[in-house]
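Peer 1: With the sequence up front, the predicted model follows.
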Amino acid sequence: MSWLNRVRNSLPFATKRETPDNLWVKCPQCHDMLFAKEYEDSMSVCPRCGHHGRIGADARLSQILDPGYALLPAPQVKEDPLKFRDTKRYTDRLKQARAKNPHDDAFTAAFGQIEGQRAVVGVQDFMFMGGSMGMAVGAAFCAAAERAIEEKCGFVVCTAAGGARMQEGILSLMQMPKATVMTRRLKEAGLPYLVVLTDPTTGGVTASYAMLGDVHIAEPGALIGFAGQRVIQETIREQLPDGFQRAEYLYDHGMVDMVVERKDLRSTLARLLAYTQPQAA
Ligand SMILES: [Zn+2]
């Protein structure tokens, strides 16, 4: 430290600068510095390059649903059933995630309307332990689907996940068939199940309820896949094509039905619900 800095730091008026750290956001794609307010106003989509940033459950719900929606209670599940510990205890990881998040686990659902169309909307939050699917996520997914059946309305799920929650071992994998059964029950009830694939949707979530929708919508640029690109590349020993596992590539190859920009998501969902769900007489 130079003598000048030493003197400056010792002065009472030379405290930390007053500018809040969160005034600017750096776009992960074009690296442009964006004014945070401007970024938020554009629904966390970069106004320069169109990159769709990851957003939390509350932001997503308020972007999709009309004002006045009600959050569904989060079902209680047995916590840390395997008493799992890697470099840290699972319970400590949960505590840490909860301190940084407004919700207790990675799946939050609400009942309300989308441009007047009644719907239950479930959102998986990548910010909560990578959106990983454990018992809490499975239970919240099933409870939300049950509510849709009760209300005789459509079920919309926005997926985002790194996969199953490894700290819950086989119990996390059991959420796959459990959620799959619920998608069947929605079908039997004649209700639409719409999936919005957001960045990133991978692993066990892709291998179950994320790919069982009546309509699959993906956000531009979203990474959607089961195994990661590097794993596939090393297994088949071939170079994978550009844009592999991205929303647009999957659309070109028939894996998703449409790629919809975030600003058009609400109206697209409302239109699909109007086509597919029972309308009140
Ligand atoms: Zn950008």
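Peer 2: Structure's in. What do you need?
Peer 1: ok, Trp24 - contacts?
Peer 2: Met33, Leu34, Phe35, Ala36 (CB atoms under 8 Å, 6 or more residues apart in numbering). For the C-beta atoms, the positions are set from N, CA and C on the backbone; glycine is no exception.
Peer 1: so of these, which ones are in strands?
Peer 2: Met33, Leu34, Phe35 (DSSP state E).
Peer 1: What is the longest helix of the chain by residue count?
Peer 2: Taking DSSP state H as the criterion, the chain has its longest helix at helix 135-151.
Peer 1: List the pairing partners of the following helix or strand past that one within its sheet, with orientation.
Peer 2: Using DSSP states H and E, the helix or strand that directly follows helix 135-151 along the chain is strand 154-161. Using DSSP bridges, the strands paired with strand 154-161 are strand 117-124 (parallel), strand 193-201 (parallel).
Peer 1: Could you check the angle the first one makes with helix 135-151?
Peer 2: Relative orientation of strand 117-124 and helix 135-151, computed by axes from the mean of the first three to the mean of the last three CA atoms, to 10 degrees: 170 degrees.
Peer 1: so Ala144 sits right up against Pro73, yeah?
Peer 2: No. In this structure Ala144 lies outside contact range of Pro73 using CB atoms under 8 Å: 10.6 Å.
Peer 1: and those two? which has more neighbours close in?
Peer 2: Between Ala144 and Pro73, counting by other CB atoms under 10 Å, Ala144 is the more crowded of the two (24 against 9).
Peer 1: Which helix or which strand is home to Arg184?
Peer 2: helix 175-188.
Peer 1: Just give me the neighbour total for the residue of the stretch 51-200 of the chain found nearest the ion.
Peer 2: The nearest approach of the stretch 51-200 of the chain to the ion comes at His51, 4.4 Å away (CB to the ion). Using other CB under 10 Å, His51 is surrounded by 17 other residues.
Peer 1: Just give the nearest non-adjacent residue to it, would you?
Peer 2: Sequence neighbours aside, Gln29 is the residue nearest to His51 in space, at 3.7 Å (criterion: CB to CB, 6 or more residues apart in numbering).
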